[in-house]
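> any chance you could fold what I've pasted below:
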Amino acid sequence: MNCGAPKGYWKMQVGEHSNYQLAYKASQYPATFQMSVWTPEDSEWDPAQNLPADSTRSVAMINVFAGSPKTRVEFRLNDGAWQPAYPVVTPDPYVARLYQLQQRRVYPSAKASALAGKAEPSPHLWRARLPSGLPVGTHKIEVRATDPCGLQARAYRVLTINHPSLP
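Predicted structure coming up:
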């Protein structure tokens, strides 16, 4: 969807005393798939996705599909200390990338059609500030999200830092 969440549906469980729990279920994914984690990467096979060497290299973007202002999102790098991620209203980077590819007439599959409109700001996106100067190699980003409606989700992402390219 344009907010960066996969197509899906909501499930509501109502208990005693008007207590309830909401859960988002992404179609064709397990119920545990509750968020995506984007990190900037260098790609030899698709240089168009490479980002300039600026501050955006030290940011991970977390899209909690069922996120709300009450959602708490935290992350850690390489099993380090948990740190808060902060809400931000901006287009989901995966969706923005699809629109960028579409302008080049590149689609994710042979049967894919053009997306209508443009990348819109997502209301359930968080920014995690990664340390600058990460050493070359692979790094594990772990994310957890919780909220009063019963959300308890975890996601992982591997970030690869390559040697700087020579001009």
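> so what's residue 87 bridging to?
Beta-bridge pairing of residue 87 under DSSP bridges involves residue 126.
> tally of neighbours for it?
Other residues near residue 87 come to 16 when the count uses other CB atoms under 10 Å. Glycine gets a C-beta too; all of them are placed from N, C-alpha and C.
> doesn't residue 70 make contact with it?
No - look at residue 87 against residue 70 with CB atoms under 8 Å: they stay out of range, at 10.7 Å.
> burial of residue 129, as a residue count?
Counted by other CB under 10 Å, the residues lying close to residue 129 total 14.
> ok, residue 13 next?
For residue 13, the neighbour count with other CB under 10 Å is 11.
> kindly state the pLDDT recorded for residue 62?
With respect to pLDDT, residue 62 scores 95.
> and residue 11, by the same measure?
pLDDT, residue 11: 86.
> show me what the lowest-mean-pLDDT helix or strand in the chain is packed against.
Ranked by mean pLDDT, DSSP states H and E, the helix or strand of the chain with the weakest confidence is helix 93-103, at a mean of 79. Packing partners of helix 93-103 (3 or more CB pairs under 8 Å, 6 or more residues apart in numbering; DSSP states H and E): strand 35-38.
> can I get the strand it packs on as PDB, trimmed to CA atoms?
The C-alpha trace of strand 35-38 is given here as PDB (Å, rounded to 0.1, in the frame of the first residue of the first chain):
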ATOM      1  CA  MET A  35       7.100  -4.200  10.400                       C
ATOM      2  CA  SER A  36       9.800  -3.600   7.800                       C
ATOM      3  CA  VAL A  37      13.200  -2.200   8.400                       C
ATOM      4  CA  TRP A  38      15.000  -0.200   5.700                       C
END
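> what pairs with it, and is each one parallel or antiparallel?
Applying DSSP bridges, strand 35-38 is found paired with strand 59-64 (antiparallel).
> for the partner strand, give me every contacting residue.
3-5, 34-40, 71, 73, 75, 85, 88, 92-94, 122, 124-130, 141, 143, 145, 151, 153, 155, 157, 159 (CB atoms under 8 Å, 6 or more residues apart in numbering).
> now residue 31: closest residue in space, sequence neighbours ignored.
Distance criterion CB to CB, 6 or more residues apart in numbering; nearest residue to residue 31, sequence neighbours excluded, is residue 25 at 5.8 Å.
> show me where pLDDT drops low in this protein?
41-57, 107-110, 112, 163-167 (pLDDT under 70).
> how about the strands in the protein?
8-14, 20-26, 35-38, 59-64, 72-77, 83-84, 86-91, 121-129, 137-146, 152-161 (DSSP state E).
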